[in-house]
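Engineer: sequence and predicted model, in that order:
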Amino acid sequence: MEYIHVKNLKHYQPSYTDGRNLIWIRWDIAALTNRKICKLPAVARWLFLVLVCLETEEDKHVEVDLMWLSLKSGIEKRHISNYIKMLQAADLIVTNCNKSLHSVPTDRQTDSTDRQTDNTCEVLFNFYLKTFNRNSNQYKLSPLRKQKIMARYKEFKNIDLLKQAIINRSKSKFHLGENESGKQYTDLIDHIFRNYEYTEKLIFDPKLSTEAEIAKWRKILYGR
């Protein structure tokens with residue numbers, strides 16, 4: 001079972017010098033001043049608020065039960081997973097953070113995870129630059145590119161899978177410019193890590209991956 005932990009949860013909780021511990025949250029300031037939250041669609045913001053409330057009330061991280069989260073939030077069950085991914089990409093929550101039901105990871109633990117993810121992000125970006133012979137002075141690791149890489153890594157949880165997506169895009173002559181317009185379609189965001197489904201399709205494209213590679217990636221990603 002997976003669980004969700006809201007990062008920096010204390011930012012949304014009141015604190016009192018006299019030791020009171022009231023179950024309510026500060027939301028108005030966070031909603032207006034936090035750029036990560038402001039950039040989210042309204043429904044994703046609402047789900048985030050629900051998660052903050054649930055973790056605050058229960059004092060433990062939130063079980064990823066899509067039906068239960070749908071009932072709590074009023075959001076259709078089929079959309080919950082996508083909004084959770086958005087919140088992950090915005091670095092507002094972490095999932096699968098701890099196998100213990102009652103143990104929420106500390107911010108120090110999540111910071112360590114963030115550093116590891118940052119290193120993975122740089123490795124993948126440099127691999128992309130080398131694969132397509134891009135100039136790092138002209139094509140930089142912008143915040144948006146970093147966000148896309150981190151979002152895909154958190155979804156696929158395997159650096160070799162994402163490297164395969166980059167390699168497969170480099171195998172497509174059409175995308176390398178052998179087309180009527182002569183234009184290359186190799187942008188990191190638009191043509192490799194656009195979204196989960198796009199990257200997944202690229203990894204398992206039978207025209208670009210061998211049967212042995214597909215079987216290998218399928219076992220890693222799906223366990224079968």
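Structural biologist: Cool, the structure landed. Keep in mind it's a predicted model, so treat the numbers as computed, not measured.

Engineer: hey, let's count contacts and neighbours off CA atoms from now on
Structural biologist: Will do.

Engineer: now for the residue most central in space within the chain: which residues touch it?
Structural biologist: Nearest residue to the geometric centre of the chain (Cα atoms, centre = their mean): Ala151, 2.9 Å. Neighbouring residues of Ala151 by Cα atoms under 8 Å, 6 or more residues apart in numbering: Lys85, Gln88, Ala89.

Engineer: from the residues you listed, list the buried ones, please.
Structural biologist: Lys85, Gln88, Ala89 (16 or more other Cα atoms under 10 Å).

Engineer: ok, the closest residue to Val6 other than its chain neighbours - how many residues close by?
Structural biologist: Using Cα to Cα, 6 or more residues apart in numbering and skipping the chain neighbours, the partner closest in space to Val6 is Ile93 (4.4 Å). Residues near Ile93, counting by other Cα atoms under 10 Å, number 22.

Engineer: how confident was the prediction at Ile93?
Structural biologist: Predicted confidence (pLDDT) for Ile93: 91.

Engineer: who are the packing partners of the strand or helix carrying Ile37?
Structural biologist: Assigned by DSSP states H and E, Ile37 belongs to helix 35-38. Counting contacts by 3 or more Cα pairs under 8 Å, 6 or more residues apart in numbering; DSSP states H and E, helix 35-38 is packed against helix 28-33.

Engineer: just to revisit the earlier point, so for the residue nearest to the centre of the chain, what's the pLDDT?
Structural biologist: Note on Ala151: pLDDT of 84.

Engineer: alpha carbons only: can I get the strand or helix carrying it in CSV?
Structural biologist: According to DSSP H and E, Ala151 maps onto helix 143-156. Extracted in CSV, the C-alpha atoms of helix 143-156 (Å, rounded to 0.1, in the frame of the first residue of the first chain):
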residue,chain,number,x,y,z
PRO,A,143,13.2,24.9,-13.6
LEU,A,144,10.6,23.6,-16.1
ARG,A,145,12.9,21.0,-17.6
LYS,A,146,14.0,20.0,-14.1
GLN,A,147,10.4,19.6,-13.1
LYS,A,148,9.6,17.4,-16.0
ILE,A,149,12.6,15.1,-15.4
MET,A,150,11.7,14.8,-11.7
ALA,A,151,8.1,14.1,-12.4
ARG,A,152,8.9,11.3,-14.8
TYR,A,153,11.6,9.9,-12.4
LYS,A,154,9.1,9.8,-9.5
GLU,A,155,6.6,8.0,-11.7
PHE,A,156,9.0,5.4,-13.4
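
Engineer: what's the separation between the residue nearest to Glu55 when sequence neighbours are not counted and Glu2?
Structural biologist: With Cα to Cα, 6+ apart as the measure, His61 is the residue that lies nearest to Glu55, at 5.5 Å, once sequence neighbours are left out. Distance, His61 to Glu2, by Cα to Cα, to the nearest Å: 10 Å.

Engineer: more neighbours, the two?
Structural biologist: Neighbour count, other Cα under 10 Å: between His61 and Glu2, His61 has more, with 27 against 14.

Engineer: now Glu197: how far from Arg35?
Structural biologist: Going from Glu197 to Arg35 by Cα to Cα gives 26 Å.
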